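Undergrad: Fold the following.
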Amino acid sequence: MSGDAEFSEYFAARVQRFRRVAFALCGDWYAAEDLVQTMFVQLYRRWRRVRPGTVDAYARRILLNLFLAGRRGYGREYVTSSVPERESPPSRDTSLRLDVERALADLTPRQRAMVVLRFLEDLPVSEVAALLGVAEGTVKSQTARGVEALRAVLPAPTTEES
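TA: From the prediction side, this is the model:
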């Protein structure tokens, strides 16, 4: 299989997952889409050099670096003569989901990244620490503080939600 075909297959299999993670990081579907698109462009440029068993970790690292650096290159606006057609963001407008999104937005970018990677991506502490270039103790303490902040503003789950 050629490199382009392998990349296309990888893209199709992972794009939704990375969109979900990007949205959890930045809280905006359009910014998340731009972030993921930039991530895949950078990944494609390096595709032939990435070892097969490390592609997810490499892509996640790119996404995280883009988010934490606050790069504005993925959010630029261009003036055009006509409005492009855009796909609507997924419609899951439950009040709890909106509360979680707002609460995540109140965390610092690093705390938000740690909480998202630990609980949405279900990564171990050691991998989150390696991705962010911090000590495992920092991940543990910042994740605990982030979860504590989320619990302070979110309603306690009812027995039906558990």
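Undergrad: just checking, next helix/strand downstream of the longest helix along the chain?
TA: Determined from DSSP state H, the single longest helix within the chain is helix 3-26. The first helix or strand that comes after helix 3-26 along the chain, using DSSP states H and E, is helix 29-45.
Undergrad: and residue 7, what does it touch?
TA: Going by CB atoms under 8 Å, 6 or more residues apart in numbering, residue 7 touches 43, 44, 47. Where C-beta positions appear, they are placed from N, C-alpha and C, glycine not excepted.
Undergrad: Isn't the first one up against residue 60?
TA: The reference is to residue 43. No. Using CB atoms under 8 Å, residue 43 makes no contact with residue 60, being 10.3 Å away.
Undergrad: And the contacts of residue 7, which of them are buried?
TA: Among those, those that count as buried by neighbour count (16 or more other CB atoms under 10 Å) are 43, 47.
Undergrad: nearest to residue 124, of the contacts of residue 7?
TA: When the contacts of residue 7 are compared for distance to residue 124 (CB to CB), residue 43 comes out closest, at 22.8 Å.
Undergrad: any idea how far residue 106 is from the closest one?
TA: Plainly put, residue 43 is 30 Å away from residue 106 if you go by CB to CB, to the nearest Å.
Undergrad: Same question for residue 113.
TA: 14 Å.
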